[in-house]
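Chemist: turn this into a structure:
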Amino acid sequence: MSAINLNDIAKTLLSEAEGKQNRFLPPDRVMLKKIIQDVRTLLLPEYFLCGDDIAEPYTALMYTTYHNLKQQIKIAFTYFGQSDENAAEICNAFFARLPELQRLLRLDVIAGFEGDPAAKSYGEVALTYPGFHAISTFRMAHELYVLGVPYLPRMMTEYAHTKTGIDINPGATIGESFFIDHGTGIVIGETTEIGNNVKVYQGVTLGALSTRGGQRLANKKRHPTVEDNVTIYAGATVLGGETVLGEGCTIGGCTFITESVPAHTTYIK
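Modeler: Next up is the predicted model:
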């Protein structure tokens, strides 16, 4: 076997990066994973904390999580090449939203339990359902997305993606009582709008009709709107920013939809 010159290979690989490298470290993936777990504990302590008196550890966790998130927000802005001077203000705004996030997640737990006859308790949904893991992570990430934090929102939802096989862009808008049943292979795009009491099964795609326009399509409505009380069965594909699934409709499995479906319609083509 002939010898290779590792120095020459290193020079070749580095040639394109010279002068472009960031002077700062990116956000810490391990710390972000901990933040996700800790925020979930703060939002649903009845499932993730134990003991006769949880007030003291809960308060300690609140302060620790605030500090850790603020630091990662600062790092994200710095790595993005922007000032981190608003990190504390953004972190404050995120924590001020925790009561509303708690309300939404409790409704998601109830939706999971009531929507699945196999569920034995609310705790089972909160602790074991991959759909709830993805939804809860998405709801945290979406708040940071709305607050304009770079990197962190997508890193959070991609962590949930790797754990569950459920890919929800943090820019999507999702209403109350959202239930993902099974969940593997679900894709929900950035400009998707989902109403209240929606149920989605595994393999569903809520995507763009075409992305060949690349960055020219940024900030445009590319993904469908799903109104209240809609059920979408396994393997359905719904595409396009002008596509609306009307209130109360049912979308059959393995359907391919690029046009709007009227309210209270069962679509099985």
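Chemist: looking at this structure, which helix or strand does the model trust least?
Modeler: Lowest by mean pLDDT, DSSP states H and E among the helices and strands of the chain is helix 6-15, with a mean of 90.
Chemist: got the buried residues for that helix?
Modeler: The neighbour-count check on helix 6-15 (16 or more other Cβ atoms under 10 Å) flags nothing as buried. The C-beta positions use only the backbone N, C-alpha and C, and glycine is treated the same way.
Chemist: the next helix or strand after it packs against which elements?
Modeler: Proceeding N to C from helix 6-15, the next assigned helix or strand is helix 29-43, under DSSP states H and E. For helix 29-43, the packing partners by 3 or more Cβ pairs under 8 Å, 6 or more residues apart in numbering; DSSP states H and E come out as helix 55-79, helix 98-115, helix 130-146, helix 152-164.
Chemist: show me where pLDDT drops low in the stretch 101-250 of the chain?
Modeler: By pLDDT under 70, the weakly predicted segments of the stretch 101-250 of the chain are 211.
Chemist: got a list of contacts for the least confident helix or strand of the chain?
Modeler: Residues outside helix 6-15 that contact it (Cβ atoms under 8 Å, 6 or more residues apart in numbering): none are found.
Chemist: so which of the helices and strands packed on helix 29-43 is the most surrounded?
Modeler: A comparison of the helices and strands packed on helix 29-43 by mean neighbour count, using mean count of other Cβ atoms under 10 Å, puts helix 130-146 on top with a mean of 23.
Chemist: which strands and helices sit next to that helix?
Modeler: Where contact means 3+ Cβ pairs under 8 Å, 6+ apart, helix 130-146 is packed against helix 29-43, helix 87-96, helix 98-115, helix 152-164, strand 167-168, strand 173-174, strand 179-181.
Chemist: tilt between the first one and helix 130-146?
Modeler: In other words, helix 29-43. Going by axes from the mean of the first three to the mean of the last three Cα atoms, to 10 degrees, helix 29-43 is angled at 100 degrees with respect to helix 130-146.
Chemist: buried residues in the next helix or strand after helix 29-43?
Modeler: Using DSSP H and E, the helix or strand that follows helix 29-43 in sequence is helix 45-48. Neighbour counts over helix 45-48 (16+ other Cβ under 10 Å) mark 45, 47-48 as buried.
Chemist: export helix 45-48 to CSV, keeping only CA atoms.
Modeler: Extracted C-alpha coordinates of helix 45-48, given in CSV (Å, rounded to 0.1, in the frame of the first residue of the first chain):
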residue,chain,number,x,y,z
PRO,A,45,-43.2,18.9,36.7
GLU,A,46,-46.0,16.5,37.6
TYR,A,47,-44.5,13.9,35.2
PHE,A,48,-40.7,14.7,35.5
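Chemist: need the contact partners of it.
Modeler: Helix 45-48 has contacts (Cβ under 8 Å, 6+ apart) with 40-41, 54, 58, 122-123, 126-127.
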